[in-house]
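>>> this one's sequence-less:
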Ligand SMILES: Cc1cc2nc3c(=O)[nH]c(=O)nc-3n(C[C@H](O)[C@H](O)[C@H](O)COP(=O)(O)OP(=O)(O)OC[C@H]3O[C@@H](n4cnc5c(N)ncnc54)[C@H](O)[C@@H]3O)c2cc1C
């Protein structure tokens, strides 16, 4: 697919966004997957770009800072995200070749379906076919045979998307950050605070290293911190919840068989567990998509909740019986930066024409990073020099 051919939903189209000349200086605050890829795309479009991050690209507090993230195109009837992910896949592959770094692991994504009809998957099938990326329908007998580790007793069938898999998450953010600097961008490690808004424009940023920054435009891609930075505008729009992921130790004698399973999603409609076997050798990862409690991404302790862990253990023992008594070898708490409807937010500050917001990844943003960054740059940069 050619670049930028996906059509965004109308909620995402912002005709009032500023158009910046190619000689403009832009400051991007946040070096997570959204900020990093946007900064790199703006730089590659010929702009002067400074990227600022309080704790560095892919840091442990950020949403992008986990070991791995699932990459899948499946979004039910939502063609925008499907197409954006197809473009993202192209860009992940193109850049990992350019950087000689393995970031995308094409292990496939296995959807475990309980009913004859599963709209979340079924409604994506026409898009997959149109892209020549068809999924494989697995009858229960085939599912059992191909993936004997999976308990299929309460399932109806499976779908295997052979084009998806997982990405190395924090390593990708670091690779993007390094490429950004190598290609001429400037990186500053500091916490940024927006200055005054005067005559409809932000006057600058003050930095925790006693410095300040002035630019033609400021793009804030601050993940879970967006609501704290702009409480009046985003305080109730981007909210942060505590999310948990657990890495379990697989049996010594079967480690290869477990580690080479595809990424999986259990479509039970409740906890919505998903997992990344192998998980870059860190353990059999299981994530909980059900929203956790409100969380402070700066000061919150990253200690898992015993009830959430107990439920996840129970589930994993049920779905993967060979892991019933598997030890927990690592766990992570990561913040979700939730938008009201789960869609990304790309908009301008209502009172400052030179301030742009990019966020609301809502538990599914990582995979889209490169395509989103490319698209955002195409919306902001004047085509003529
Ligand atoms: C447990 C979990 C599982 C997930 N699973 C998946 C998945 O399988 N697939 C998928 O595609 N997505 C997944 N996601 C979602 C995805 O990880 C996020 O949507 C994405 O990482 C958000 O990136 P971001 O750049 O917006 O935010 P972040 O990664 O949080 O980056 C924001 C950055 O801003 C910096 N910052 C904040 N405030 C300031 C300031 N004032 N000054 C300077 N710097 C500042 C922070 O240090 C941080 O580095 C998951 C998320 C979680 C938490």
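Looks like it came in fine. Bear in mind that the values here come from a model prediction, so they are computed numbers and not experimental data.
>>> pLDDT value on residue 10, please?
You'll see residue 10 listed with a pLDDT of 63.
>>> go on, residue 289?
Per-residue pLDDT puts residue 289 at 93.
>>> so what's the closest residue to residue 163 other than its chain neighbours up against?
Counting by C-beta to C-beta, 6 or more residues apart in numbering, residue 133 is the residue found nearest to residue 163 once chain neighbours are left out, at 4.7 Å. Glycine gets a C-beta too; all of them are placed from N, C-alpha and C. If a contact means C-beta atoms under 8 Å, 6 or more residues apart in numbering, then residue 133 has 73, 86, 161, 163 as its contacts.
>>> show me the residues around the residue in the stretch 201-350 of the chain that the ligand sits nearest to that make contact.
Ranked by C-beta to the nearest ligand atom, the top residue of the stretch 201-350 of the chain for proximity to the ligand is residue 223, at 2.4 Å. Neighbour list for residue 223: 30, 32, 34, 62, 63, 64, 297, 335, 337, 359, 361 [criterion: C-beta under 8 Å, 6+ apart].
>>> In this structure the second one contacts residue 221, no?
The one in question is residue 32. Yes: applying C-beta atoms under 8 Å as the test, residue 32 and residue 221 come out as touching, 6.5 Å apart.
>>> Beyond the longest helix seen in the chain, next helix or strand please.
Using DSSP state H, we find that the single longest helix of the chain is helix 79-99. Once helix 79-99 ends, the next helix or strand along the chain (criterion: DSSP states H and E) is strand 104-105.
>>> so how far is that next one off the chain centroid?
14 Å (C-alpha atoms, centre = their mean, to the nearest Å).
>>> now swap in stretch 186-194 and tell me
On the basis of C-alpha atoms, centre = their mean, stretch 186-194 is displaced by 22 Å from the centre of the chain it belongs to.
>>> Next, the distance between the ends of it.
One end of stretch 186-194 sits 19 Å from the other (C-alpha to C-alpha, to the nearest Å).
>>> now check that stretch, is it near the ligand?
Yes: Stretch 186-194 is in contact with the ligand by C-beta under 6 Å from any ligand atom, via 191, 192.
>>> Point out the residues in this structure that sit beside the ligand.
Residues of the chain lying close to the ligand (C-beta under 6 Å from any ligand atom) are 29-35, 52-55, 59, 62-64, 66, 69-70, 191-192, 221-225, 229, 243, 245, 287, 334-337, 359, 361, 363-367.
>>> Is residue 333 part of a helix or strand, or is it coil?
When classified by DSSP: H, G, I helix; E, B strand; the rest coil, residue 333 comes out as strand.
>>> repeat for residue 219
strand.
>>> mind listing which of the residues of the chain next to the ligand are in helices?
Cross-referencing the residues of the chain next to the ligand against helices under DSSP H gives 33, 34, 35, 229.
>>> In JSON lines: those, plus pLDDT and neighbour count.
Below are these laid out as JSON lines (pLDDT from 0 to 100; neighbours: other C-beta atoms under 10 Å):
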{"residue": "33", "pLDDT": "98", "neighbour count": "32"}
{"residue": "34", "pLDDT": "98", "neighbour count": "31"}
{"residue": "35", "pLDDT": "98", "neighbour count": "31"}
{"residue": "229", "pLDDT": "97", "neighbour count": "18"}
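>>> ok, those vs the ligand, which is closest?
Nearest to the ligand, judged by C-beta to the nearest ligand atom, of these is residue 34 at 3.5 Å.
>>> Now do the same contact list for that closest one.
Residue 34 touches 221, 223, 358, 359, 361, 365, 369, 372, 373, counting by C-beta under 8 Å, 6+ apart.
>>> What's the per-residue pLDDT of the last one here?
Looking back up the chat, that one is residue 373. Here the pLDDT value assigned to residue 373 is 97.
>>> Verify the stated contact: it with residue 45.
No: counting by C-beta under 8 Å, residue 373 sits too far from residue 45 to count as a contact (10.3 Å).
>>> Please say which of the two ends up with more neighbours.
residue 373 (27 against 18; other C-beta atoms under 10 Å).
>>> Could I get the contacting residues of the more buried one?
Shown in contact with residue 373 (C-beta under 8 Å, 6+ apart): 34, 36, 37, 38, 39, 40, 41.
>>> Now it: which helix or strand?
helix 369-380.
>>> buried residues in that helix?
For helix 369-380, the neighbour count (16 or more other C-beta atoms under 10 Å) marks 369, 370, 371, 372, 373, 374, 375, 376, 377, 379, 380 as buried.
>>> Now do the same for the second one: its pLDDT.
Predicted confidence (pLDDT) for residue 370: 98.
>>> Am I right that it is in contact with residue 36?
No: with contacts counted by C-beta under 8 Å, residue 370 stays clear of residue 36, the gap being 9.4 Å.
>>> Point out where this structure drops to low pLDDT.
Flagging of the chain using pLDDT under 70 yields the residue ranges 1-5, 7, 9-15, 383-385.
>>> For the stretch 151-300 of the chain, just list every one of the strands.
Taking DSSP state E, counting those that start in this stretch as the test, the strands found in the stretch 151-300 of the chain are 157-161, 165-168, 186-189, 192-194, 197-198, 201-202, 205-207, 212-213, 217-220, 239-248, 263-266, 273-276, 284-288.
>>> Just put those in a markdown table and tack on mean neighbour count.
Below are those laid out as a markdown table (neighbours: other C-beta atoms under 10 Å):
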| stretch | mean neighbour count |
| --- | --- |
| strand 157-161 | 22 |
| strand 165-168 | 24 |
| strand 186-189 | 17 |
| strand 192-194 | 18 |
| strand 197-198 | 12 |
| strand 201-202 | 20 |
| strand 205-207 | 18 |
| strand 212-213 | 16 |
| strand 217-220 | 26 |
| strand 239-248 | 22 |
| strand 263-266 | 24 |
| strand 273-276 | 25 |
| strand 284-288 | 24 |
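>>> Looking at the ones you listed, which is nearest to residue 255?
Closest to residue 255 of these, according to C-beta to C-beta: strand 284-288, at 9.5 Å.
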